[in-house]
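J.: Sequence and computational prediction follow.
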Amino acid sequence: MKSSQRPKNLAEVAEGILNGEEAGFLVRDFLHEFQFQGNISMVITPPPRLSGCVENGERYDAFLQALAVTLASRLGEAPPHWTSPCIQLKTPWFATPGLAMRNYLLISSPAPFRMRNLFIDEDSLKVA
């Protein structure tokens, strides 16, 4: 994907990660695109698996699953078939380091993320 283009779906986000692009920027750009277009086709195509291909690949796979479920729900749609079975990390991952934030993240994380042992601030899925 050209760096001047935003990913149009989650498969393109995963492809960018496989190509060495920064995951956080790709997700943020995708969320901007989703805010603009917001349709189920953006989360339906299964992304390539990242586990075993890139560092933190399993976490990225779980994150993309959770994001697809969350965005499908926002649209009033069923989760894409590729989000099941749920990838659950063996060790919890917290988006913000530090013990002080853990309780907040445990409470504020959207359910699809908590189910996968990912703990994020719900506001991190919002873009301006």
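T.: Yes, it's here.

J.: ok, and what's touching the lowest-mean-pLDDT helix or strand in the chain?
T.: Comparing helices and strands within the chain by mean pLDDT, DSSP states H and E singles out helix 99-108 as the least confident, with a mean of 91. In this structure, residues lying in contact with helix 99-108 by Cβ atoms under 8 Å, 6 or more residues apart in numbering are F94, A95, T96, R114, F119, I120, D121, E122. C-beta coordinates here come from the backbone N, C-alpha and C atoms, glycine included.

J.: in it, what's buried?
T.: By neighbour count, and taking 16 or more other Cβ atoms under 10 Å as the criterion, the buried residues in helix 99-108 are L105, S108.

J.: Tabulate the CA atom coordinates of it in CSV.
T.: The C-alpha coordinates for helix 99-108 follow below in CSV (Å, rounded to 0.1, in the frame of the first residue of the first chain):
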residue,chain,number,x,y,z
LEU,A,99,-0.2,-0.2,37.3
ALA,A,100,-2.1,3.0,37.8
MET,A,101,-3.9,2.7,34.5
ARG,A,102,-4.6,-1.0,34.6
ASN,A,103,-7.9,-0.8,36.6
TYR,A,104,-9.1,2.0,34.3
LEU,A,105,-8.3,-0.1,31.2
LEU,A,106,-9.9,-3.2,32.7
ILE,A,107,-13.1,-1.3,33.0
SER,A,108,-13.1,0.9,29.9
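
J.: rewinding a little: and the contacts of helix 99-108, which of them are buried?
T.: When the contacts of helix 99-108 are checked for burial by 16+ other Cβ under 10 Å, the buried set is F94, R114, F119, I120, D121.

J.: Columns secondary structure and pLDDT on top of the residues you listed, output as CSV?
T.: Listed next are the buried ones among the contacts of helix 99-108 as CSV, based on DSSP: H, G, I helix; E, B strand; the rest coil; pLDDT from 0 to 100:
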residue, secondary structure, pLDDT
F94, strand, 96
R114, helix, 97
F119, strand, 97
I120, coil, 96
D121, coil, 91
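
J.: All set now, cheers.
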